[in-house]
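Asker: got a sequence here, can you model it:
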Amino acid sequence: IVSRNFSRDSDHVQKIFLFQACVYFASVFQAMSCGIHYLASVFMAVTPNFVCGIPGNVSSVLFYNSSEASLEDIWTVWTATENYIVVQLENGEIWELNQCSKAKREVSLDLAYEYKGNKSVFSCSDGFLYDDTKWKSTVVTQWDLVCDREWLAKLIQPTFMLGVLIGAVIFGDIADRLGRQRVIWFTSAGQFVFGVAVAFTSDYYSFVIVRFLLAMVSSGYLVVAFVYVTEFVGIKARTWASMHVHAFFAIGIMVVALVGFLVRTWWVYQIFLSIATLPFVLCCWMLPETPFWLLSEGRYEDAQKVINTMARWNKVSTPCKVAELYSVQHDGPVSGSTGDNDAPSAKKHNILDLFCNWYIARRTITVWLVWFTGSLGYYVFSLSSVNLGGNEYLNLFLIGAVELPCYIIACIGMDKLGRRNTLIPFLILSALICVLIMFIPQDFNVLIILANMAGKFSIGVAFGLIYLYTAELYPTIVRSLAVGSGSMMCRVGSVVAPFCVYLRSVWIFMPLLLVGIMALLSGILTIMLPETLGKPLTNTLEEATEIGRNEKSCSEKTPPAQSGAALEKIEMCGPETVSPEK
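Answerer: The predicted structure is shown next:
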């Protein structure tokens, strides 16, 4: 849709890409809110120190040798949560407070930590007392999601990820059927509405349901946004454009850390995070549908209107003529045509189309495995990095910031070496780092931290480029569905990752061993994928299959399908003075 080649003259580039730049930055801005909502629960669902509530006013508190006048003063010295706190009430009663039970001393002697007499044990019927020195309120303290209700707190993030998984498949399929523009409108408005609604939920179950809906629209937007920007930029700009969607997602993670540091009440925190969505919601209705999708649906007049608008913005005097580019289709067979109808029939595509033949099926299995491995490795390394200690807000900020150089390296590698030749070495490097960590002595903390960060960096490069690679490997008619199904496998990996970390109790290196095996297997299978660097987007499954054939078989066959050739010509539309392709 834009010129196929870049010019080094900045004025010339500005004229060519003005329209695409406006559409692109408007679209990727919203990806920031996706990163925000994905990581919001890190602070919103934090569980502070707590003990059972007591039926009366406290006059003094004792924890070993530390004696204070109020419970708030004892939180700083109470580090071992399995130990109890002794409190004396104004009426003289002495209680021992644990996290999930409390005991009343039968004989009220002088206040002392050790007691050998009889005690009456009670449940936490009077609620709980929470440490509010860091967070004034969280969803855990709001609905007492501790002790026998702790499992409800642990379900908050898995249910969100389940919504992400379902949303990726549903909205990816809807985008292929109804268009990218409508899905972007709906999911953008949904992120703002559901994001604000979360802050006003009155109970835990409505909170989880609204968060589930928020996860669906956030995931739906992210999946369709990748496809949307991919179809609006040219071949050479496609790499950097798609990878910078990841960069805005990472910025969203850093925003979570900043807002979490400044706002310590969960519902106010949620509102502030959701406001980031508002600017895009107010202007997203102006975004056009992609000509690629319009052409795949046979809506040539609508595609021509979008191309004419792009030409006016980019100051192109002779825009592409869709009718001329597609006139050759009437001289040849048209897939999907029936009877005397010249327009292709609107065939409905589903996930089975990703296995329509051996080449596409093998490609789909490999791509899904890379998606799964990238997500699994990303979260396993991330969960290991949170044990660094120090300021948790700074740690989360750095976790987001460390992703930015990953995408720069990935962009350079994809442009210079190709998608496949960048993906393979970083997957194998991730496997080697997993093995290396196993041989580092446990008392070498600095080396372990550096190795874990190196592992996250390498898996981050692979995880970042698979979005673009997937979009390029599949034709327009199933592109959103392919990215959505890959994102589904990604979410499966993110759900499996915590359970993988639990295997540390079996063997401390078991999570790394599993990630290393998956990364090595993915790297080997990726060798069979075709290279897409410098190739135009395909429009039919036949064209996508042709990419997987070797050069000899391609030269012996007829040229690519007319629709794909026409789309390539549209990509080349622009001023007459363009630099030659390298």
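Asker: chain center to the helix or strand residue 192 falls within, what's the gap?
Answerer: Applying DSSP states H and E as the criterion places residue 192 in helix 180-199. The chain centroid and the centroid of helix 180-199 are separated by 16 Å under CA atoms, centre = their mean, to the nearest Å.
Asker: can you list the low-confidence ranges for the stretch 251-400 of the chain?
Answerer: Residue ranges of the stretch 251-400 of the chain with pLDDT under 70: 314-350, 383-390.
Asker: what are the buried residues along the helix holding residue 192?
Answerer: The neighbour-count check on helix 180-199 (16 or more other CB atoms under 10 Å) flags 180-181, 183-199 as buried. For the C-beta atoms, the positions are set from N, CA and C on the backbone; glycine is no exception.
Asker: what helices or strands is that helix leaning on?
Answerer: Judged by 3 or more CB pairs under 8 Å, 6 or more residues apart in numbering; DSSP states H and E, helix 180-199 is in contact with helix 10-39, helix 156-178, helix 204-232, helix 266-275, helix 278-283.
Asker: so which of these gets nearest residue 406?
Answerer: Of all the helices and strands packed on helix 180-199, it is helix 10-39 that lies closest to residue 406, at 14.2 Å by CB to CB.
Asker: quick one, domains of the protein?
Answerer: The chain breaks down by the TED database into domains covering 16-44+139-287, 50-133, 353-548.
Asker: redo those as TSV? Include distance to residue 303.
Answerer: Converted to TSV, those look like this (distance: least, CB to CB, whole Å):
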stretch	distance to residue 303
domain 16-44+139-287	12
domain 50-133	58
domain 353-548	12
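Asker: so, low pLDDT: which residues of the stretch 1-150 of the chain?
Answerer: For the stretch 1-150 of the chain, applying pLDDT under 70 flags the ranges 1-17, 65, 68-70, 79-82, 108-109.
Asker: the strands in it, which residues?
Answerer: 50-52, 58-63, 66-68, 85-89, 94-97, 102-105, 119-122, 128-130 (DSSP state E, counting those that start in this stretch).
Asker: give me whichever of the ones you listed is most buried.
Answerer: Neighbour counts (mean count of other CB atoms under 10 Å) averaged over each of the strands of the stretch 1-150 of the chain peak at strand 50-52, with a mean of 24.
Asker: and for residue 455, the neighbour number?
Answerer: The tally of other residues near residue 455 (other CB atoms under 10 Å) stands at 28.
Asker: what sits closest to it if chain neighbours are left out?
Answerer: For residue 455, ignoring the flanking residues on the chain, the nearest one in space by CB to CB, 6 or more residues apart in numbering is residue 433 at 4.2 Å.
Asker: ok, residue 23 next?
Answerer: Closest to residue 23 by CB to CB, 6+ apart is residue 232, at 5.5 Å.
Asker: and if you look at residue 200?
Answerer: With CB to CB, 6+ apart, the residue lying closest to residue 200 is residue 267, at 7.3 Å.
Asker: likewise residue 442?
Answerer: residue 448 (7.4 Å).
Asker: what helix or strand does the one you found sit in?
Answerer: Per DSSP H and E: helix 445-473 holds residue 448.
Asker: got the angle for that helix vs helix 204-232?
Answerer: If you take axes from the mean of the first three to the mean of the last three CA atoms, to 10 degrees, helix 445-473 sits at 60 degrees to helix 204-232.
Asker: for helix 445-473, packing partners?
Answerer: Judged by 3+ CB pairs under 8 Å, 6+ apart, the packing partners of helix 445-473 are helix 204-232, helix 238-262, helix 358-385, helix 403-416, helix 419-438, helix 479-502, helix 510-526.
Asker: which positions in the longest one come out as buried?
Answerer: Looking back up the chat, that one is helix 204-232. The neighbour-count check on helix 204-232 (16+ other CB under 10 Å) flags 204, 207-232 as buried.
Asker: how about the second one?
Answerer: When neighbours are counted by 16+ other CB under 10 Å, the buried residues of helix 238-262 are found to be 238-257, 259-260.
Asker: the fifth one too?
Answerer: For helix 419-438, the buried set under the neighbour-count rule, 16+ other CB under 10 Å, comprises 419-420, 422-431, 433-434, 437.
Asker: can you confirm residue 151 is in a helix?
Answerer: Yes - per DSSP: H, G, I helix; E, B strand; the rest coil, residue 151 lies within a helix segment.
Asker: count the neighbours of it for me.
Answerer: Residues lying near residue 151 (other CB under 10 Å) number 9.
Asker: now do it, the pLDDT please.
Answerer: Note for residue 151: predicted pLDDT of 84.
Asker: list the contacts of it.
Answerer: By CB atoms under 8 Å, 6 or more residues apart in numbering, residue 151 lies in contact with nothing.
Asker: one more time with 10 Å, if that's ok
Answerer: By CB atoms under 10 Å, 6 or more residues apart in numbering, residue 151 lies in contact with residue 145.
Asker: now the one 5 residues further on
Answerer: With contact taken as CB under 10 Å, 6+ apart, residue 156 is in contact with 41, 44, 45, 139, 140, 145, 204, 207, 208, 211.
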